[in-house]
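Chemist: Give me a 3D structure for the following:
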Amino acid sequence: MKLVLIFGPQAVGKMTVGQALGNNTELKLFHNHMTIELLEPFFGFSPEMWRLADLFRMEIFEEVAKSDLGGLIFTYVWAFDQKEDWDYVEKICEIFESKGATIYFVELEADFNERLERNKSPNRLEHKPTKRNIETSEANLKSSMQKYRLNSLEGEIKKENYLRINNTNLSAVEVAEIIKERFRL
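Modeler: I've put the predicted structure just below:
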């Protein structure tokens with residue numbers, strides 16, 4: 001069992017890279033918006049929606065970790081200046097590690113202007129209906145960048161299986177190939 005955790009700021013390409021990696025390996029993609037898009041029509045972006053999204057994710061992680069699947073790709077916006085995000089990642093890791101899984105950390109970063117362009121991409125809008133209001137989505141992207149630190153500091157992640165990629169000028173397929181080769185997936 002393998003868990004590939006792909007993280008980075010909004011519109012950096014996590015889901016698209018996850019799709020390419022899933023197409024190129026036996027790993028299944030579980031991008032973070034799968035639960036958000038399910039629950040947002042019922043509850044909006046409310047505490048109830050986030051509580052249920054977390055509950056659903058943890059249940060899915062538990063079931064996948066004990067299944068005979070080859071592994072999972074999970075995408076996440078990790079606020080490095082928020083202890084609860086570190087705790088959340090640790091909780092996910094514990095679920096998989098308790099079942100003997102190997103965890104791979106992939107951090108993506110891209111220039112701000114590139115992220116603004118990716119925020120409007122057809123693939124993103126197809127799979128993430130809550131991002132279709134571009135004005136709101138772009139405002140959220142900008143405000144979260146000011147409010148949180150969404151990329152790690154050098155040396156902050158001390159995991160053995162860690163890879164940081166600036167994918168500003170790389171396609172999702174190229175990034176997926178780098179990940180696959182580096183971690184022999």
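
Chemist: Pass me the low-pLDDT residue ranges in this protein, would you?
Modeler: Within the chain, no range satisfies pLDDT under 70.

Chemist: secondary structure element for Val17?
Modeler: helix 14-24 (DSSP states H and E).

Chemist: buried set for that helix?
Modeler: Neighbour counts over helix 14-24 (16 or more other C-beta atoms under 10 Å) mark 14-22 as buried. In short, each C-beta sits where N, CA and C put it, glycine included.

Chemist: With stretch 143-153 instead?
Modeler: In terms of neighbour count (16+ other C-beta under 10 Å), stretch 143-153 has its buried residues at 150-152.

Chemist: quick one, what contacts the residue nearest the centre of the chain?
Modeler: Nearest residue to the geometric centre of the chain (C-alpha atoms, centre = their mean): Thr75, 1.5 Å. By C-beta atoms under 8 Å, 6 or more residues apart in numbering, Thr75 lies in contact with 5-7, 14-15, 18, 29-32.

Chemist: excluding its backbone neighbours, what's nearest it?
Modeler: Distance criterion C-beta to C-beta, 6 or more residues apart in numbering; nearest residue to Thr75, sequence neighbours excluded, is Lys14 at 3.9 Å.

Chemist: Starting from the host helix or strand of Ile165, tell me which strands it pairs with and how they run.
Modeler: Per DSSP H and E: Ile165 is located in strand 162-166. Using DSSP bridges, strand 162-166 pairs in its sheet with strand 102-109 (parallel).

Chemist: can you pull the buried residues of the helix or strand following the partner strand?
Modeler: Sequence-wise, the next helix or strand downstream of strand 102-109 (DSSP H and E) is helix 112-118. Buried residues in helix 112-118, counted by 16+ other C-beta under 10 Å: 114-115, 118.
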